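Engineer: have a look at this prediction, sequence included:
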Amino acid sequence: MEWIAKKIMEEDEREAIEILKVWTHRSKREECTIDKVQELNEMMDNEVIIALKALEEPYILWKLGDKQLDIRVKLTTTDTRKMFYKKALIDLGCSSLCISQKFIQENHLKTHKLFLPITYYNADGSTNKNESITETIEMHMSIGDHEELI
């Protein structure tokens with residue numbers, strides 16, 4: 001991955017885009033633009049590695065169908081220890097965790113900006129109509145006696 005980052009920085013923009021397209025997952029190749037190359041070249045080394053990892057695999061938020069389950073969870077912020085008891089959707093086809101931006105805003109929760117926005121995709125490979133993911137938050141989630149940092 002370090003080699004890819006180095007080549008993107010060394011080559012002219014047209015060649016850098018082609019190198020990035022080879023590295024990037026086929027469902028994300030439309031993101032390989034001059035702007036993306038410039039953005040990567042402005043990042044710190046560790047940030048570029050994280051960004052390249054994100055481009056390597058598809059980012060699927062949900063799958064179509066009825067593979068879901070609603071359960072009650074307790075969420076606790078890591079900074080203020082504020083607690084929320086909420087219903088959580090367990091989607092058996094989902095490849096990641098996500099939280100409602102509306103929930104974040106209504107509860108004035110502190111988020112952290114991502115180095116590189118994440119474009120997310122539907123199960124059919126199409127780009128989701130919503131904006132990219134630009135922020136993250138860490139919370140403790142408890143289900144019964146089980147607790148994890150998410």
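Structural biologist: Yep, that arrived.
Engineer: surely Lys53 meets Ala5?
Structural biologist: No. Using CB atoms under 8 Å, Lys53 is not in contact with Ala5; the gap is 10.9 Å. Any C-beta I mention is one placed from the backbone N, CA and C, and that applies to glycine too.
Engineer: between those two, which is the more surrounded one?
Structural biologist: Relative neighbour count places Ala5 above the other of Lys53 and Ala5, with 20 against 11, counting by other CB atoms under 10 Å.
Engineer: you'd agree Ile71 is in a strand?
Structural biologist: Yes. Per DSSP: H, G, I helix; E, B strand; the rest coil, Ile71 lies within a strand segment.
Engineer: so what's the residue count around it?
Structural biologist: Residue neighbour count, defined by other CB under 10 Å, stands at 11 for Ile71.
Engineer: again with the one 4 residues further on
Structural biologist: One way to gauge burial is a neighbour count; for Leu75, by other CB under 10 Å, it gives 20.
Engineer: for the one helix or strand it maps to, name the packing helices and strands.
Structural biologist: Under the criterion DSSP states H and E, the helix or strand holding Leu75 is strand 68-77. Packing partners of strand 68-77 (3 or more CB pairs under 8 Å, 6 or more residues apart in numbering; DSSP states H and E): strand 83-91, strand 139-143.
Engineer: of all these, which lies closest to Thr127?
Structural biologist: Distance to Thr127, taken as CB to CB, is lowest for strand 83-91 among those, at 18.6 Å.
Engineer: ok, back up a step: show me which positions of the strand holding Leu75 end up buried.
Structural biologist: Under the neighbour-count criterion of 16 or more other CB atoms under 10 Å, strand 68-77 has Val73, Lys74, Leu75, Thr77 buried.
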